[in-house]
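Asks: Dropping a prediction and its sequence here:
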2 protein chains.
Amino acid sequence: MSRAVPRLAGLHVIADDSPDWRLGPVDQARAACEGGAAVVQLRAKHASDGEVLRWAHEIRKLTRDAGLLLMINDRFDLALASGADGVHLGQDDLPLGRLPAEVRERLLVGRSTHSADQLRGARSEAPDYLAFGPVFGTTSKQSEWSPRGLPALREAVALARPHPLIAIGGIDLARLAELRHSGAAGAAVISAVAAAADSTAAVRALCAGWLEAEAAG
Amino acid sequence: MSRAVPRLAGLHVIADDSPDWRLGPVDQARAACEGGAAVVQLRAKHASDGEVLRWAHEIRKLTRDAGLLLMINDRFDLALASGADGVHLGQDDLPLGRLPAEVRERLLVGRSTHSADQLRGARSEAPDYLAFGPVFGTTSKQSEWSPRGLPALREAVALARPHPLIAIGGIDLARLAELRHSGAAGAAVISAVAAAADSTAAVRALCAGWLEAEAAG
């Protein structure tokens, strides 16, 4: 099998270690790889660092073989230690200016945003991509932010330029077309994969839906 | 005021963010600096990364001015981002071999151990110092390990050589002399400072007690 070229645009599968999911993070990541996603983001809020590192190590092998990028949520120490491609930071994580230059050179950096103000602030840090949401209502993640909606997403895409914007929050197959038409470079999902009866099939359907919307747009 | 030369040996004050303490971590660190400790280790288990980074930034200023080393518990990303001198790792944190070389060059690294086996394993990683405990019974930290006692500490000092060994767990003024005579290079405290009515006076007394034991030894 020839290796795909890793890319930021497309489907981001957030491999999450909440005990609520049917699959653990490594199996969620495997589904992402088998189903053709672009990015796996490992988001571990419950496990010890040692356990997260063991997961990251396994997911690094899977994503490398399948040509997906691997991002680690919040922690650039674990990203460096696992050989991940990058780190995805929230609003209350490190300012990018605090990343040592040699770390910045080695890692892609994404930043979550929830408002126009946060987008402007994050854009000035020159991350590799921005995320925006929750676009729709979601139960996967406690958020202090109400659903932003599609008009706000379109505004976010414009504010983020030239940075690619990844939409997140309550995204499922039925909503992919309108997301894609808003100009988002990608869509990030948790429950649409982690809670699916067949996670690989869910990833495959989401990727096909995304490509279809792209072709139609 | 001339600046002291930072050193690893002596009193390590663990500035802890448990809500149980009378003082927050920045004020615990201030007491460490004013009282003449050798090292502040910031140990934050409750706050967001952004908050920890703000604390680390303040404590970095205090420790630099007073000539103390600043270590960050568990997280080398926060250590790098705050300009700390090093990172203190637990047993289930990163293996040192996973630290990128340029990170290892920039940071001192300490490793917690609780048994002879863990000491042998940790020594083979060549950290800058080792910690061992709990030597006595402690209420500051949930530990799966029972108090190790002074004979085990003496054995630990021998096993750790040539690495300096820092004793931790249930340490107070009355126990400093026997600790020092066991050959430990330093003693780490939490509640003896954080729960004291006058934390600066407590640090000062502990440092004086340590020096006295050293002179007597």
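Replies: Arrived safely.
Asks: Centre of the chain to stretch A:192-207, how far?
Replies: Taking the mean C-alpha point of stretch A:192-207 and that of its whole chain, the gap between them comes to 15 Å (CA atoms, centre = their mean, to the nearest Å).
Asks: ok, residues contacting it?
Replies: A:10-11, A:13, A:15-16, A:18, A:21-23, A:27-28, A:30-32, A:34-37, A:140, A:171-173, A:176, A:187, A:189 (CB atoms under 8 Å, 6 or more residues apart in numbering or on different chains). Every residue, glycine included, has its C-beta placed from N, CA and C.
Asks: I'd say residue A:55 and residue A:26 touch.
Replies: Yes - counting by CB atoms under 8 Å, residue A:55 touches residue A:26, with 5.5 Å between them.
Asks: out of these two, which sits in the more crowded spot?
Replies: Each of residue A:55 and residue A:26 has its neighbours counted (other CB atoms under 10 Å in any protein chain shown); residue A:55 has more, 21 against 18.
Asks: what's that one in contact with, if anything?
Replies: For residue A:55, the set of contacting residues under the criterion of CB under 8 Å, 6+ apart consists of A:15, A:17, A:24, A:25, A:26, A:42, A:44, A:47.
Asks: Going by distance to residue A:162, which of the residues you listed wins?
Replies: Within the set of these, residue A:42 lies nearest residue A:162; the separation is 27.0 Å, counting by CB to CB.
Asks: Report whether the strand or helix carrying the closest one contacts chain B.
Replies: Under the assignment given by DSSP states H and E, the secondary-structure element containing residue A:42 is strand A:39-43. No - judged by CB under 8 Å from any CB of the partner chain, strand A:39-43 makes no contact with chain B; its nearest approach is 14.0 Å.
Asks: Starting from that strand, tell me the next helix or strand along the chain.
Replies: For strand A:39-43, the succeeding helix or strand toward the C-terminus, using DSSP H and E, is helix A:49-66.
Asks: And the average pLDDT for that next one is what?
Replies: Taken as a whole, helix A:49-66 has a mean pLDDT of 96.
Asks: what does stretch A:147-155 give?
Replies: 96.
Asks: who's in contact with that stretch?
Replies: If you take CB under 8 Å, 6+ apart as the criterion, stretch A:147-155 is touched by A:114, A:116, A:132-138, A:156, A:167, A:169-170, A:178-179, A:182-184.
Asks: which parts of that stretch are buried?
Replies: In terms of neighbour count (16 or more other CB atoms under 10 Å in any protein chain shown), stretch A:147-155 has its buried residues at A:148, A:150, A:152, A:153, A:155.
Asks: what do you get for stretch A:162-175?
Replies: Per 16+ other CB under 10 Å, stretch A:162-175 contains these buried residues: A:163, A:164, A:165, A:166, A:167, A:168, A:169, A:170, A:171, A:172, A:175.
Asks: Convert it to PDB, retaining C-alpha atoms only.
Replies: Coordinates of each C-alpha in stretch A:162-175 appear next as PDB, following Å, rounded to 0.1, in the frame of the first residue of the first chain:
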ATOM      1  CA  PRO A 162      -5.400  32.600   5.600                       C
ATOM      2  CA  HIS A 163      -5.400  29.900   8.300                       C
ATOM      3  CA  PRO A 164      -7.500  26.800   7.700                       C
ATOM      4  CA  LEU A 165     -10.500  26.600  10.000                       C
ATOM      5  CA  ILE A 166     -11.800  23.300  11.400                       C
ATOM      6  CA  ALA A 167     -15.400  23.200  12.500                       C
ATOM      7  CA  ILE A 168     -16.300  21.300  15.700                       C
ATOM      8  CA  GLY A 169     -19.300  20.500  17.800                       C
ATOM      9  CA  GLY A 170     -22.400  18.300  17.100                       C
ATOM     10  CA  ILE A 171     -21.200  17.400  13.600                       C
ATOM     11  CA  ASP A 172     -22.800  14.400  11.900                       C
ATOM     12  CA  LEU A 173     -23.200  13.100   8.400                       C
ATOM     13  CA  ALA A 174     -26.400  15.100   7.800                       C
ATOM     14  CA  ARG A 175     -24.600  18.400   8.500                       C
END
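Asks: Contacts for it, please.
Replies: Where contact means CB under 8 Å, 6+ apart, the residues beyond stretch A:162-175 that reach it are A:8-9, A:12, A:110, A:112, A:123, A:126-138, A:141, A:143, A:147-148, A:153, A:156-157, A:179, A:182-189, A:192, A:205-206, A:209.
Asks: Can you list which of those residues are found in strands?
Replies: Judged by DSSP state E, the contacts of stretch A:162-175 include A:12, A:110, A:112, A:129, A:130, A:131, A:132, A:186, A:187, A:188, A:189 as members of strands.
Asks: Against residue A:199, how distant is the last one?
Replies: Yep, that's residue A:189 we're talking about. Taken as CB to CB, to the nearest Å, the spacing of residue A:189 relative to residue A:199 amounts to 11 Å.
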